[in-house]
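Student: A predicted structure for the sequence below; I have some questions about it.
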Amino acid sequence: MTRTPAGRRPPRLRTVLLTGAGWLVGLVFLLPYLQMGLTALKSGDELNESPGSYLPHSWQWSNFVDVWSDAPIWKNIQVSLLVAAVATLVTLLCALPAAYYTARNRFRGRNAFLLLVLVTQMFAPTALVIGIYREMVALNLTDTLMALILVNAAFNLPFCVWILHGYFSSIPKELEEAAFLDGAGRIGALTRVTLPISMPGVVTAVVYTFISAWNEYIVALTVTASPDRRPLTVAIPSFVTQYQEHWQYLFATSLIGIVPVVILFIFIERFLIGGLTAGSIK
Amino acid sequence: MHDVKPGVRDLGAPAPRSRPSAARRAGRALAPLLWLGPALVLIAVVVLWPVVEMVRTSLLKISSSGVTLGSTGSRNYLDLFDETDLIPVVLRTLLWVAGVVAITMVLSLALGQLLNARFPGRRLVRWTVIVPWAASVLMTALVWKWMLDNYSGLVNRLLLDLHVIDHPVNWLAHPDQAMLWMMWVAVFVSLPFTSFVILAGLQTIPGEVYEAARVDGAGTLRTYFGITLPLLRPSVLIASIVNVINVFNSFPIIWTMTQGGPGHATDTTTTFMYKIAFFDQNVGESAAMAVVNFVLILVMVLLYLRASRWREEIR
Amino acid sequence: MKRHLMGAIAAGLTVALSVSGCGKGSSSKGDGSDGKTIKFVAAIYSDNTEPYWQALIKDFEAKNAGYKVQLEMVDWAQMDAKVKTYVQTKQVPDLLNYNAFSDFARDGLIYKASEVVSPQVLSDFSPTFVDQAKYSGEQYALPFISSARLLFYNKALFKKAGIADPPKTWADVKTDAEKVKKSGQIGYGLPLGPEEAQAEFYSWAMNNGGDWVDGSGKWAINQPANIETLAFLKDLNKSGLTQPNPETTDRKTVFNQFAQGKIGMSIGGPFTKASFIDPAKKNIDFGVAPLPTKAGGDPSTLGVMDVLASFKKDGGKNKEAVTKFLDFFYQKDNTAKFLTKEGFLPVTKSANDLLSADPYMKQFVDALPTSKFAPTGNPAWTAVAGAVKQSLGTSVADGDPKKVLDEIQKTAEKSG
């Protein structure tokens, strides 16, 4: 089966199989969210029918309107987005210099630092929630978005340092030196050569932090009190309480929260793939 | 920065031959602090402080209402090791982590390959794979819980209509079934991140490598196991460590779907810890569980790193 | 350079610790204010709860110039965790709406009832509830709402199965459940999942002469009457007369199915109609009967009481504002409005007659004198209830009733 690149046949069957597999995967990934959408469009009494229905008997588009009036979800979405965005920025500002410096320089304490980063990565806010709450009380930050930003930034920092460290290490020093010799200066070499090449790493770090912050539940639950300072993750489960189950509102709100982030991701994905191809590291 | 003469010294590395002035030396000594400082401060203040609090709490006697009643030595740890449920919970946690991470890695390697291949609609499929990542884990766990509902769930409806089962199955009520479903949900939410890391790894492999393999006459499988997989090692390493840590500490999936029940039959150490604090009203013992939890994951990650010789990666 | 790095970490920690020191000092001072602003943490009972409090507080603030109430609404599912962190971090609210109080009283965290309400309000509480609000002979908690449990049965299903009257004895329950099952539906809805296993279990155990404690007030959870009760419930489950998996079923699931007309009998409270049966819009024909007893004796009913408790703060500076607010809430009309909106039973004599006007509610009000309560006055109760919620259900599935109760007894004795 030795083929020269020029003599490649169009591999029909392979494409068909790949397409089939690809679309099946797509369906599997979308299915739960389709079900979310269909449930969000059912009426409250239909939800308790058993066996459940596939499609709503009557499509309750008003559910999507009701959630806006019932709960301050616009506020919750804003909080979630704001916390995730600022935490990502803080993480990046702290992680970039640390990762760059450890990748480019050997100094005593370097391994200690990298080990500290790795060990820190193992702590999850879930395990430390009482400690975190005590701390926020001490810092007078309970029920503030600052508390959420700090926690999310700090707990995602290790991963970002780590992944950026990996990317910076993989970029040959010579590339940077060349720019340096051209008179770009050290910062210039960093911003003009190293950063653009490490874009995939930066994007990964950004996406990872953003999503972890967006997902965070326990700390937000404990630290926030006012309804308008709660992120979406804390607001959503309150639709299912001891006495009432509003699955339709729960899922309507979830979808409203998911859609903007999916769109955001679609843009980042283009960028990620683009960045990856541009950063051809050879 | 511009006063540094190009070519005088290697970039970044301290120059051994030049004789720096005292001020310069001080400047260079402080340089790591300047670069690492923000990260160190953030870690120390927001992460290490609660850790210290946690260890301290594990040595305190705390009444059921939450008032601290003084030191209690190792009492909390003794109480914890006296729990009959502890050993099963720890074993289940190890199984949960190993199972979820292994399945995630295998599926992600395949998925990464698929998303890297060319076929019509690839971009759309990539987008759908992102969706569980963009939806929070909590929302995904909630929708799966709803789909697995005994009375109105989609899964039972579908299986009944397909005549796979003849009466509704209460999936989340039976520990083994519930565990499997929750592991599936954990895999489902871990796949996007992992497969994208793999995908990114695949894209850094230069095309020439494959050309060379093809010229050598290597078959698809041999190319994959001989070339692709070894080159993916850094991606696999990073993805699996991140997954081990996240899956180990995962709380929302189990908490929303079964609350670790019935009894403690589907608890992992994380939910067990939460229950000790908020059902058994024993914050001190819960903190002891948190410390044990941390030691467990530390051992797991260190073993993994040793097995995979991480130092080679970090250099 | 390692030294510098370590120096940096040390410096960071020092800063962190000193900040913590200052922070603590200033935050406790900052809280002191003028004693006219109080923080009230209220539980969410339904969608009506928050609007009720908001309106009441607005009214209160308008009538008492200078006084302010900061409201925080907490869902029951998150309440325990919240309360514990408040106490742990010394960030207690001035007023808390909760279902337990005795460990706060034991640890000296809350005021006595007489310190935070006027004598008129204090004397208006019904004696049944005052007894439940005491710790070591002193009343600490303020009864807030109450509830009772009765047997709900689906009249249409009973008719179809050929049953004339609701069951009076446990044997009746079993035969009726069998008949309902034969006609194609679930005989008895048994919620022993983590939500409220302790309530369902006690509703049965008390009608078998069982209890949480013995005559001297010592924990007696594994007493024979309780084991027998679980054995009966296990038999119902194993005979296929309940819904599948009682050990993981929560009350709301049972009542949603009851409201769909798929369950013959289940134990419910006053809230069951407004929260489950009416919203389902199936217009099922249901009846309410006393709880069945083992041998057909006089039935008892499960009484449930939630309370308000006021935390000590700033050397008693908050007492005046708390008293003003509580006296305002306990005015007859304000209390009654809450009860009717939420479907609960009164705890004050003055609100009693108001609710007896509704025939559905009257059945529950009438049952109140026969109520038995969980030992909420015992500080270990919260831990016991926690253990019951976690594990009691397993006894009717694969667990052994005696072993499960032994295990809970052990937890109870450990907690004091």
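Tutor: That came through, no problem. Numbers count the residues shown, from 1 in each chain, chains lettered A, B, ... in the order given.
Student: got the domain boundaries for the chain?
Tutor: Because you didn't say which chain, this covers chain A. Domain assignment of chain A by automatic domain parsing yields the ranges A:13-43+A:57-64, A:72-278.
Student: Chain B is the one I meant
Tutor: Split by automatic domain parsing, chain B gives B:22-71, B:85-314.
Student: Pull out the buried residues from stretch A:24-31.
Tutor: Residues of stretch A:24-31 classed as buried by neighbour count (16 or more other CB atoms under 10 Å in any protein chain shown): A:25, A:26, A:29, A:30. C-betas here are computed from N, CA, C, even on glycine.
Student: right, I mislabeled it, should have said stretch A:29-39
Tutor: A:29, A:30, A:32, A:33, A:35, A:36, A:37, A:38, A:39.
Student: now do stretch B:140-160
Tutor: For stretch B:140-160, by 16+ other CB under 10 Å, it's B:140-157, B:159.
Student: same check, this time on stretch A:195-215
Tutor: A:195, A:197-215.
Student: do stretch B:165-183 as well
Tutor: For stretch B:165-183, by 16+ other CB under 10 Å, it's B:168-175, B:178-179, B:181-183.
Student: Chain C: which of these is nearest?
Tutor: Set against chain C, the nearest of the buried residues of stretch B:165-183 by CB to the nearest CB is residue B:173 (3.5 Å).
Student: so who does the closest one touch?
Tutor: Going by CB atoms under 8 Å, 6 or more residues apart in numbering or on different chains, residue B:173 touches B:150, B:262, C:244, C:245, C:247, C:248, C:249.
Student: give the contact list for the third one.
Tutor: To tie it back to what came earlier, the one meant is residue C:244. B:150, B:168, B:170, B:173.
Student: Which pLDDT value goes with residue 190?
Tutor: As the question left the chain open, I've gone with chain A. According to the prediction, residue A:190 has pLDDT 75.
Student: I was thinking of chain C, sorry if that wasn't clear
Tutor: 96.
Student: Return the backbone torsion pair for it.
Tutor: Residue C:190 adopts backbone torsions of phi -120, psi 100, taken as degrees, to the nearest 10.
Student: Tally up the residues packed near it, please.
Tutor: Look at residue C:190: counted by other CB atoms under 10 Å in any protein chain shown, it has 29 neighbours.
Student: thought it was touching residue C:203?
Tutor: No - under the criterion of CB atoms under 8 Å, residue C:190 makes no contact with residue C:203, lying 10.7 Å away.
Student: Just give the closest residue to residue A:252, not the sequence neighbours.
Tutor: Using CB to CB, 6 or more residues apart in numbering or on different chains and skipping residues adjacent in sequence, the residue nearest residue A:252 is residue A:40, 4.0 Å away.
Student: Which pLDDT value goes with the one you found?
Tutor: pLDDT for residue A:40: 91.
Student: just residue C:166 next, same as before
Tutor: 94.
Student: Now it: closest residue in space that isn't a chain neighbour?
Tutor: Of all residues not flanking residue C:166 in the chain, residue C:289 sits nearest, at 3.7 Å (CB to CB, 6+ apart).
Student: List the beta-bridge partners for the one you found.
Tutor: Residue C:289 has these beta-bridge partners by DSSP bridges: residue C:151.
Student: Give the burial count for it, as a bare number.
Tutor: 16.
Student: Kindly report the same for residue A:148.
Tutor: 28.
Student: Please verify my assumption that it contacts residue A:219.
Tutor: Yes - using CB under 8 Å, residue A:148 is in contact with residue A:219, at 6.8 Å.
Student: Could you point out the longest strand of chain C?
Tutor: Of all the elements of type strand in chain C, the one with the most residues (DSSP state E) is strand C:301-310.
Student: Can you work out which other helices and strands pack against that one?
Tutor: strand C:95-98, helix C:127-132, strand C:142-148, helix C:197-205, helix C:319-329, strand C:371-373 (3 or more CB pairs under 8 Å, 6 or more residues apart in numbering or on different chains; DSSP states H and E).
Student: Spell out which parts of the stretch 51-200 of chain A neighbour chain C.
Tutor: Within reach of chain C by CB under 8 Å from any CB of the partner chain, the stretch 51-200 of chain A has these residues: A:70, A:107-109, A:112-113, A:130, A:133-135, A:137-140, A:142.
Student: List the residues that contact the residue in the stretch 101-250 of chain C positioned nearest to chain A.
Tutor: Using CB to the nearest CB, the single residue of the stretch 101-250 of chain C nearest to chain A is residue C:195, 6.6 Å away. Each residue near residue C:195 by CB under 8 Å, 6+ apart is listed here: A:242, C:250, C:251, C:252, C:389.
Student: Now do the helix or strand the last one falls within and helix C:197-205, the angle between them.
Tutor: For residue C:389, the element it lies in under DSSP states H and E is helix C:381-391. If you take axes from the mean of the first three to the mean of the last three CA atoms, to 10 degrees, helix C:381-391 sits at 90 degrees to helix C:197-205.
Student: which secondary structure elements does helix C:381-391 contact?
Tutor: Counting contacts by 3+ CB pairs under 8 Å, 6+ apart, helix C:381-391 packs against helix B:269-278, helix C:197-205, helix C:401-415.
Student: counting contacts, what elements does the next helix or strand after the first one pack onto?
Tutor: Spelled out, it's helix B:269-278. For helix B:269-278, the succeeding helix or strand toward the C-terminus, using DSSP H and E, is helix B:283-308. Helices and strands touching helix B:283-308, by 3+ CB pairs under 8 Å, 6+ apart, are helix A:110-121, helix B:49-57, strand B:60-62, helix B:75-82, helix B:86-116, helix B:233-248, helix B:269-278.
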